[in-house]
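K.L.:
Fold the following, please.
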Amino acid sequence: MDWRWSPCSIDYQRVTTVWYHPTATPLEMVSNTHSDSVELTEYVNRLSQSSSEAQATLTWHKELDGANQPVPGCIFEIRENGLMLWWGIIEGLSDYQLSSGQRALTITVRSRDASTLWRDTRRVSELYPVGTPLHIITRDIAESLGLTSAEMFIGETSGSTVHSNTQLADLTAWEMLSVLNLPSGTSPVVDAIGRLKFISRDISRRADIVLTKSNYSSVRGSKARPPLTAIRIKWLDPNLSKVSQQDQQLAAETITAGYFQIRQRKRIHFSQDGRQRAENTHLVIRQSANSSFVRVCEETYQQLTQTEGEIVLETSFWVPTLITAGMGAMLSTAFIPDAVAVPPVETIPTGRVIQAVAGLEVLLVMASIGTGMYEIWGTPYDFIHARNTTEAYDDSAPEWTEKIIEIENDFVMDETQAQAFAVRELLYQVREASVFTVSIVDDPRIEKGDIIELEDGERIYVLDYRRDLTSGAEALLEVQGFRA
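P.N.:
Numbering: from 1, shown residues only. Purely as a prediction, here's the structure:
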């Protein structure tokens with residue numbers, strides 16, 4: 001509710017004036033420090049205004065020619081009885097006409113949040129640690145749009161971030177503001193004087209404005225659609241949960257064993273980046289290093305950490321001993337002279353026989369070099385923030401009318417908030433399916449998000465409103481909303 005205004009009586013008389021500001025800034029409009037007002041009231045033939053848009057048709061002879069004519073990007077203000085009723089930024093000019101020496105055009109004006117900067121430009125927020133209050137992030141986003149404290153009407157909230165390094169990315173500023181505040185039950189709006197504020201989506205709260213029978217003339221249905229039957233809220237649990245996968249191959253390695261190295265240790269990570277955790281890991285031998293003539297080594301495996309293990313091939317002690325002894329025997333027996341037996345004359349190669357035996361030992365050891373092919377199998381696991389689902393549903397709705405909406409939001413703090421969030425959104429969107437229009441005596445206090453209570457107890461949640469401000473028009477306000 002706009003507290004700048006007082007309740008209006010049935011005989012309320014309004015005096016509307018229209019102003020053009022060619023050089024004023026939004027901050028000057030909010031703080032009422034502008035000094036460039038150009039009155040257009042006498043040129044306005046038709047004028048209407050809603051919470052986020054205004055349209056005016058101007059006619060003139062020569063007064064608004066050239067530099068005096070309003071241009072897109074400048075500010076357009078409507079005052080009622082001398083007080084600022086609403087202002088916005090001129091978006092476009094259309095229907096320009098020239099007839100019988102008179103010119104006319106239609107001006108379309110929208111609230112400041114309709115700009116590309118607010119609605120279309122995608123951006124990335126800063127990184128925020130655990131426990132950062134959400135209203136701090138909201139202010140940071142608003143300041144990135146160029147808003148100052150005077151242009152924000154943002155209170156403190158109890159919500160805070162529950163995940164480390166929280167960041168909003170690839171979203172428009174308006175989407176960021178919506179996502180941040182939806183779990184607490186509020187939505188962003190820009191009010192009549194251009195300030196960013198947040199309205200409650202709680203339809204069970206007390207009414208903001210109570211009207212008597214004399215204040216409204218009619219209530220009529222506007223539109224209706226099939227209501228929702230359920231809302232599912234998907235949110236990240238702030239607590240880490242262990243999630244295990246199926247047993248699978250984690251790594252593979254090929255190792256050669258032989259006399260040349262007594263012990264070979266091979267550390268193996270369970271993933272290429274070395275970050276995968278695993279448990280219950282074990283060695284699978286696809287081809288053993290002992291698949292040659294003789295068994296030359298022991299093949300063992302042990303898990304060292306959550307992310308790596310070690311394969312050990314330990315060559316038997318006799319292998320290097322045998323090859324060393326054989327090579328020594330080959331060298332020493334080369335000096336043994338051949339014996340000669342007579343008669344008849346014969347040469348007995350005693351040393352060469354021993355040398356051949358030693359050579360066979362060496363060749364046997366070298367022929368026993370083996371290559372093993374090994375795989376590490378185990379159960380990969382990770383600690384993650386589980387994606388929880390909280391659902392609110394209408395248990396009285398027939399099955400054939402099922403209509404479910406899913407909302408993903410990572411700013412839900414816990415299950416209690418998720419349940420309240422789901423119930424509140426279900427009630428809001430079920431009621432929003434049937435929109436009504438109420439004609440009441442113009443009441444500038446009414447804003448988007450207010451709840452109006454009629455004399456018979458009927459409550460209307462305001463989605464939008466529209467007033468005809470053309471000279472001579474009745475001082476009525478057409479309020480669109482749904483039963484709260």
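K.L.:
Pretty sure Val438 sits against Ile209.
P.N.:
No. In this structure, Val438 is not within contact of Ile209 by CB atoms under 8 Å, at 11.5 Å. Placement of C-beta: from N, CA and C, glycine included.
K.L.:
out of those two, which sits in the busier spot?
P.N.:
Set Val438 next to Ile209 and count neighbours by other CB atoms under 10 Å: Val438 wins out with 23 against 18.
K.L.:
got the contact list for Glu80?
P.N.:
14-17, 444 (CB atoms under 8 Å, 6 or more residues apart in numbering).
K.L.:
I'd like to know which of those are buried.
P.N.:
16-17, 444 (16 or more other CB atoms under 10 Å).
K.L.:
CSV please, covering these and showing distance to Leu134, secondary structure and pLDDT.
P.N.:
Converted to CSV, those look like this (distance: CB to CB, whole Å; DSSP: H, G, I helix; E, B strand; the rest coil; pLDDT from 0 to 100):
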residue, distance to Leu134, secondary structure, pLDDT
Thr16, 39, strand, 92
Thr17, 40, strand, 94
Pro444, 31, coil, 91
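K.L.:
which one of those sits closest to Leu180?
P.N.:
Pro444 (29.7 Å; CB to CB).
K.L.:
Would you mark the buried spots in stretch 91-111?
P.N.:
Those would be 91, 103, 105-111, for stretch 91-111 by 16+ other CB under 10 Å.
K.L.:
Reformat those residues as TSV; add secondary structure, pLDDT and distance to Gly449.
P.N.:
Formatted as TSV, these follow (DSSP: H, G, I helix; E, B strand; the rest coil; pLDDT from 0 to 100; distance: CB to CB, whole Å):
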residue	secondary structure	pLDDT	distance to Gly449
Glu91	strand	93	23
Arg103	strand	85	39
Leu105	strand	90	33
Thr106	strand	93	29
Ile107	strand	93	27
Thr108	strand	95	24
Val109	strand	95	21
Arg110	strand	95	19
Ser111	coil	95	14
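K.L.:
Spatially, which two of those residues are the most separated?
P.N.:
Pairwise over the buried residues of stretch 91-111, using CB to CB, the maximum falls at Arg103 and Ser111, 27.3 Å.
K.L.:
mind putting the buried residues of stretch 91-111 in JSON lines, distance to Asp468 included?
P.N.:
Listed next are those as JSON lines, based on distance: CB to CB, whole Å:
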{"residue": "Glu91", "distance to Asp468": "20"}
{"residue": "Arg103", "distance to Asp468": "23"}
{"residue": "Leu105", "distance to Asp468": "19"}
{"residue": "Thr106", "distance to Asp468": "15"}
{"residue": "Ile107", "distance to Asp468": "16"}
{"residue": "Thr108", "distance to Asp468": "16"}
{"residue": "Val109", "distance to Asp468": "15"}
{"residue": "Arg110", "distance to Asp468": "18"}
{"residue": "Ser111", "distance to Asp468": "19"}
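K.L.:
ok, back up a step: closest to Ser187 out of the buried ones among the contacts of Glu80?
P.N.:
Among those, and counting by CB to CB, the member closest to Ser187 is Pro444, at 21.5 Å.
K.L.:
tally of neighbours for the residue lying closest to that closest one once chain neighbours are set aside?
P.N.:
Counting by CB to CB, 6 or more residues apart in numbering, Trp5 is the residue found nearest to Pro444 once chain neighbours are left out, at 4.2 Å. Here the number of neighbours of Trp5 (other CB under 10 Å) works out to 16.
K.L.:
dump the residue contacts of Trp5.
P.N.:
83, 443-445.
K.L.:
Now render those as JSON lines, adding secondary structure.
P.N.:
Formatted as JSON lines, the contacts of Trp5 follow (DSSP: H, G, I helix; E, B strand; the rest coil):
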{"residue": "Leu83", "secondary structure": "strand"}
{"residue": "Asp443", "secondary structure": "coil"}
{"residue": "Pro444", "secondary structure": "coil"}
{"residue": "Arg445", "secondary structure": "coil"}
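K.L.:
Ranking by neighbours, what's the top pick from those residues?
P.N.:
Asp443 (25 neighbours).
K.L.:
Quick one: the buried ones among the contacts of Glu80 as TSV, columns for distance to Ala418 too.
P.N.:
Shown next, in TSV, are the buried ones among the contacts of Glu80 (distance: CB to CB, whole Å):
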residue	distance to Ala418
Thr16	47
Thr17	49
Pro444	38
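K.L.:
how would you label Ala67: helix, strand or coil?
P.N.:
helix.
K.L.:
Tell me how many other residues crowd it.
P.N.:
Other residues close to Ala67 by other CB under 10 Å number 7.
K.L.:
Trp86: neighbouring residues, count only.
P.N.:
Neighbours of Trp86 using other CB under 10 Å come to 24.
K.L.:
From Glu80, how far off is it?
P.N.:
9 Å (CB to CB, to the nearest Å).
K.L.:
Equivalent analysis for Gln246, please.
P.N.:
Distance from Gln246 to Glu80, by CB to CB: 70 Å.
K.L.:
still on that earlier bit, now, among the contacts of Trp5, which is nearest to Gln306?
P.N.:
For the contacts of Trp5, the nearest to Gln306 is Arg445 (62.5 Å; CB to CB).
K.L.:
what sits against that closest one?
P.N.:
Arg445 neighbours (CB under 8 Å, 6+ apart): 1-3, 5-7, 209.
K.L.:
show me what contacts the spatially most central residue of the chain?
P.N.:
The chain has Leu168 as the residue nearest its centroid, 5.4 Å off, counting by CA atoms, centre = their mean. Leu168 is in contact with 124-125, 137, 141, 176, 179-180, counting by CB under 8 Å, 6+ apart.
K.L.:
what about Glu478, which helix or strand?
P.N.:
Following DSSP states H and E, the helix or strand that holds Glu478 is strand 476-483.
K.L.:
Please work out which residues outside that strand touch it.
P.N.:
By CB under 8 Å, 6+ apart, strand 476-483 touches 217, 222, 431-443, 446, 452, 458-468.
K.L.:
what number of residues lie near Arg265?
P.N.:
10.
K.L.:
how much space between it and Ser158?
P.N.:
Relative to Ser158, and taking CB to CB, Arg265 is found at 55 Å.
K.L.:
give me the low-pLDDT residue ranges for the protein?
P.N.:
Along the chain, segments meeting pLDDT under 70 span 222, 318-320, 322-323, 325-326, 329-331, 333-335, 338-346, 348-368.
K.L.:
Show me where it has its helices.
P.N.:
26-31, 116-119, 134-144, 173-181, 318-333, 350-367, 415-432 (DSSP state H).
K.L.:
which residues are in contact with the third one?
P.N.:
It refers to helix 134-144. Against helix 134-144 from outside (CB under 8 Å, 6+ apart): 123, 125-126, 128, 151-152, 154-157, 159-161, 168, 173, 176-177, 180-181, 184, 196, 411.
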